[in-house]
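Asker: Just to be clear, the model below is a prediction. Sequence and coordinates:
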Amino acid sequence: MKDKKSLIIYFSRADENYFGGEMRYINKGNTEYIAEYVRDLTNADMFKVEPLVPYSKEYEICIKEAKDRVGNAPIKNNLSDISNYEVIYIMSPIYWGTYAPEVETAIKDLDFTGKTVRVVTTHEGSGLGNIINDLKRICVGANILDSIAIVGSQAKDSKSKIESWV
Ligand SMILES: Cc1cc2nc3c(=O)[nH]c(=O)nc-3n(C[C@H](O)[C@H](O)[C@H](O)COP(=O)(O)O)c2cc1C
């Protein structure tokens, strides 16, 4: 898989979050660590999905905002063409049981026919949640392979796990 032309589409938020049972401000989102590990291992290109309006830095406000954005989550920049890539990594924190709503906005109009999709979530207990079913609905024609779920607070220390998964 390492030698195939790959693209990482990821969402990740820094600021206040649950971190191993406590609230903490973090400078870099958990999923971003993993996106960077996979990039280093595969030489993939990266596309960061960014909300048009940033989420609140405060966790309690952010979770309400995320719920309101389900099905209507505008993003800053769009990705229009993935035809050059064979493998698409989709990486997201679990928000309300699935990917962050902005991820759906980023991928819903792309042509996934014949693409290999590999999924990474970071989470605080939900694992992959409903993400695979939701991606099957959106990524029509893709072959969704061997996904992996990493506990958010362990993301930074997951390099060797990611290395064997990649
Ligand atoms: C808006 C919001 C909703 C969340 N919902 C869930 C959830 O349903 N299940 C879960 O296990 N973790 C949930 N979490 C925790 C995140 O998935 C987890 O902290 C993740 O590692 C954050 O990744 P990031 O730092 O890359 O954004 C939620 C966090 C936020 C901010």
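Answerer: That came through fine.

Asker: so what's the residue of the chain found nearest the ligand scoring on pLDDT?
Answerer: Going by Cβ to the nearest ligand atom, the ligand is nearest to residue 152 of the chain, at 2.4 Å. Where C-beta positions appear, they are placed from N, C-alpha and C, glycine not excepted. Note for residue 152: predicted pLDDT of 95.

Asker: Ok, the one 10 residues further on next?
Answerer: The model reports residue 162 with a pLDDT of 97.

Asker: burial of it, as a residue count?
Answerer: The local packing of residue 162 (other Cβ atoms under 10 Å) involves 20 other residues.

Asker: give me phi/psi at it?
Answerer: Dihedral pair for residue 162: phi -70, psi -40, per degrees, to the nearest 10.

Asker: could you check whether the host helix or strand of residue 60 is close to the ligand?
Answerer: According to DSSP states H and E, residue 60 maps onto helix 59-69. Yes. Helix 59-69 comes into contact with the ligand (Cβ under 6 Å from any ligand atom), by way of 59, 62, 63, 66.

Asker: what about the helix or strand bottoming out on mean pLDDT in the chain, distance to the chain center?
Answerer: The helix or strand of the chain with the poorest confidence is strand 15-19; it has a mean of 88 (mean pLDDT, DSSP states H and E). Computed by Cα atoms, centre = their mean, to the nearest Å, the chain-centroid distance of strand 15-19 equals 17 Å.

Asker: Let me know whether that strand sits next to the ligand.
Answerer: Yes. Contact between strand 15-19 and the ligand, assessed by Cβ under 6 Å from any ligand atom, occurs at 17, 18.

Asker: Okay, angle between that strand and helix 59-69 too, please.
Answerer: For strand 15-19 against helix 59-69, the angle by axes from the mean of the first three to the mean of the last three Cα atoms, to 10 degrees is 100 degrees.

Asker: quick check: mean pLDDT across the helix or strand just after strand 15-19?
Answerer: Using DSSP H and E, the helix or strand that follows strand 15-19 in sequence is strand 22-26. In this model, strand 22-26 has an average pLDDT of 91.
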